[in-house]
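Visitor: Fold the following, please.
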Amino acid sequence: MTITIAAFGSVIQVTGGGVTPALEDSQFIGVGQYVDMIRTGVAPAVKPRLLLYENLPLRTSRMLGDFAQDFVLPHRYGDLTTARFDLGKLTASKWFVADHPMEVSAVFVDGQETDGWQRSIEWDGEGNSWTVVYLAAPADHDATVSACGTGKRSPTTGAVIENPAEVMADLCAFAGRSDTFPALRAECAVAGLRVAGSIDAEGSIRKHLDAICGSIGAIWTPAMARLYPIDSPSGPVATLTKQDAGNLGVSAVLEDTADKIRLAYDVATATDRPQHHLELSAAPARFGGVVQNLTMDWLRTPANAEAVGRRLMHRLAGERYAVTFDTSAVSTRPGDWVLLEDNPEWPFDGPDPVCMVLSVEVQPNAAAVRVTAETVMASPTVTVTAHTVAIPDTFEGALEVATRNGIATFTIYDEMNAPLPGARVSFDGGVPKTTNAQGQVAFPYTPGSHEIAIEAPGRVSQTILVTL
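Guide: A predicted model of the protein is given here:
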């Protein structure tokens, strides 16, 4: 019997891969235990260890009582203070925020911010605690209520859980698993990578972990998770000589490529609308101008989006090769970096290639394993060719800024998300310009912070600071 151990994650596609439940069980180390942030005096029950294809065991509103709506009780992570999320209706005055304690910074009824609310942490006698909001005035029957806030905190340090690996580990612990992903945690800490989002729908454990890894450019198995692609190898590199690696096969990768990516991120779940867009282009363009559109649901900041986008472009637009070989180093696993040293079967001149292992075929008691890996021989020059910044939808209306060749184009939207013509817009106190039929005006700019003043008939004037 041959078992293929393959890296998961939406960034890398490995056909025929996947960790079987049997293999997962053979790698089982111990049972995880979830401890909530608020102590109720009752020891939390040890959760059964779930397999990756099983649904994350989210509770539903039925577990709280007979309320107006039946919905999944969400878990929320990271800084969501500028990205609204919908609340679940318990009664006209009581709305559910998260199935754990969290801070709430703003509440909106039908998209309009209200000051008439109060946050409350509630708990039961079984170790569960959750966050609700009480409205001073009951909402209408068909009203929608949304909020902003800061998600779950670590029960040991009290810090907001926003390192991608720590979010993944928290989800795994919630499912009774002991996966902790220390290598990814360290890589994300060095890179300053932070995520924020909500787990608010049913889905398998693997699906939720894939979404996080796909947003940051990472691959993972239950035994490891790593940022990939990455500019240079992180961690140890195993050297394989020509005696260690044989039957070498090398082929150019001509699928899953791009010369340009358009990356949407900072999605507000209450509006299902990305608040930022980023366009990156590669030179030389090796694939005929192919464009890929990507949405990174868990990314929030422009700096993180650009860093992830640049890493993805180095792989998608680079000179990339799929590498297969047999090796006697039977402990080789996905996520390992390997250097193929002085291998006469390598078809190119130049330095010995360093490859990322993506999958391994393992046969019990065999003297060798079959490895599928990947290497990028040449990376393109990547530049940001456009960056659209949407003012967070906590404002009345919205403003988007697209930058290209030293010109900032501003698009003004009304509270119904329609372009607003006839608005007067000034840039850093200069002479105002009037938006056209598409709600747009343009100004030359230099990088830095700028003040935008907007006036429109029948609307409250606004002054907004943007960083370009």
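Visitor: For the closest residue to residue 344 other than its chain neighbours, grab the count of nearby residues.
Guide: Closest residue in space to residue 344, ignoring its immediate chain neighbours: residue 242 at 6.1 Å, by Cβ to Cβ, 6 or more residues apart in numbering. Every C-beta, even on glycine, is put in place using the N, C-alpha and C of the backbone. Using other Cβ atoms under 10 Å, the number of residues around residue 242 comes to 14.
Visitor: For residue 242, list the residues it contacts.
Guide: By Cβ atoms under 8 Å, 6 or more residues apart in numbering, the contact list for residue 242 reads 341-345.
Visitor: Roughly how far does it sit from residue 299?
Guide: Separation of residue 242 from residue 299 (Cβ to Cβ, to the nearest Å) stands at 42 Å.
Visitor: Walk me through the domains of the chain.
Guide: 1-387, 395-468 (automatic domain parsing).
Visitor: ranking these by burial, who's on top?
Guide: Mean neighbours per residue, mean count of other Cβ atoms under 10 Å, is largest over the domains of the chain for domain 1-387, with a mean of 18.
Visitor: I'd like the domains of the chain as CSV, with mean pLDDT appended.
Guide: What follows is the domains of the chain, written out as CSV (pLDDT from 0 to 100):
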stretch, mean pLDDT
domain 1-387, 86
domain 395-468, 85
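Visitor: how far is the lengthiest helix in the chain from where the chain is centred?
Guide: Looking across the chain with DSSP state H, the single longest helix is helix 302-316. On the basis of Cα atoms, centre = their mean, to the nearest Å, helix 302-316 sits 13 Å off its chain's mean C-alpha point.
Visitor: so the helix or strand just after that helix versus helix 302-316, what angle?
Guide: As assigned by DSSP states H and E, the chain's next helix or strand after helix 302-316 is strand 319-327. Interaxial angle of strand 319-327 relative to helix 302-316 (axes from the mean of the first three to the mean of the last three Cα atoms, to 10 degrees): 70 degrees.
Visitor: which residues touch strand 319-327?
Guide: Contacts of strand 319-327 with the rest of the structure, by Cβ under 8 Å, 6+ apart, involve 240, 244-253, 257, 286, 340, 353, 355, 368-379.
Visitor: Quick check: can you name the pairing partners of the next helix or strand after it and their directions?
Guide: Next helix or strand after strand 319-327 toward the C-terminus (DSSP H and E): strand 337-340. Using DSSP bridges, strand 337-340 pairs in its sheet with strand 237-240 (parallel), strand 354-362 (antiparallel).
Visitor: Out of the ones you listed, which gets nearest to residue 128?
Guide: In terms of Cβ to Cβ, the element of the strands paired with strand 337-340 nearest to residue 128 is strand 354-362, at 39.5 Å.
Visitor: what's the helix or strand just after the closest one in contact with?
Guide: Counting by DSSP H and E, the next helix or strand C-terminal to strand 354-362 is strand 369-378. For strand 369-378, contacts defined as Cβ under 8 Å, 6+ apart pick out 12, 14, 229, 245, 253, 314-315, 318-327, 329-330, 332, 338, 348, 350, 353-363.
Visitor: Also compute the angle for strand 369-378 relative to strand 354-362, please.
Guide: Using the same axes, to 10 degrees, the direction of strand 369-378 lies 160 degrees away from that of strand 354-362.
Visitor: Looks like residue 184 contacts residue 228 (just checking).
Guide: No - counting by Cβ atoms under 8 Å, residue 184 stays clear of residue 228, with 10.0 Å between them.
Visitor: Need the overlap of contacts for the two.
Guide: Between them, residue 184 and residue 228 share the contacting residues residue 218, judged by Cβ under 8 Å, 6+ apart.
Visitor: Let me see the ranges of the helices in the stretch 1-150 of the chain.
Guide: 21-26 (DSSP state H, counting those that start in this stretch).
Visitor: re earlier: please identify which of the strands paired with strand 337-340 is closest to residue 67.
Guide: It's strand 354-362; of those, that one is closest to residue 67 (Cβ to Cβ) at 46.2 Å.
Visitor: related to what we said a few turns ago, filter the contacts of residue 242 down to just the ones in strands.
Guide: Among these, DSSP state E puts none in strands.
Visitor: Identify the farthest-apart pair in these.
Guide: Pairwise distances across the contacts of residue 242 (Cβ to Cβ) peak at 12.2 Å, for the pair 341 and 345.
Visitor: Pull up the gap between residue 331 and residue 343, please.
Guide: Between residue 331 and residue 343 the distance is 20 Å, computed by Cβ to Cβ.
Visitor: hang on, isn't residue 152 packed against residue 80?
Guide: No - contact criterion Cβ under 8 Å: residue 152 and residue 80 do not qualify, at 10.8 Å.
Visitor: For residue 177, list the residues it contacts.
Guide: Contact analysis of residue 177 by Cβ under 8 Å, 6+ apart lists 32, 49-50, 205, 222.
Visitor: How far away from the center of its chain is stretch 136-147?
Guide: What separates the centre of stretch 136-147 from the centre of its chain is 30 Å, taken as Cα atoms, centre = their mean.
Visitor: For that stretch, give me every contacting residue.
Guide: By Cβ under 8 Å, 6+ apart, stretch 136-147 touches 84-87, 89, 91-93, 95, 97, 104-111, 114, 116-118, 133, 135, 270.
Visitor: What of stretch 198-212?
Guide: With contacts defined as Cβ under 8 Å, 6+ apart, stretch 198-212 is touched by 8-10, 50-56, 58, 72, 74-77, 80, 85, 164, 167-168, 171-172, 175, 177, 195, 197, 218, 220, 269, 297-298.
Visitor: Common neighbours of residue 152 and residue 80, please.
Guide: With Cβ under 8 Å, 6+ apart as the test, residue 152 and residue 80 reach no residue in common.
Visitor: if we take the contacts of residue 177, which one ends up nearest to residue 462?
Guide: For the contacts of residue 177, the nearest to residue 462 is residue 205 (43.3 Å; Cβ to Cβ).
Visitor: For the closest one, give me phi and psi.
Guide: When read as degrees, to the nearest 10, the backbone of residue 205 gives phi -60, psi -40.
Visitor: partner strands of the helix or strand hosting residue 225, parallel or antiparallel?
Guide: In the assignment (DSSP H and E), residue 225 maps to strand 224-227. Taking DSSP bridges as the criterion, strand 224-227 forms sheet pairs with strand 218-221 (antiparallel).
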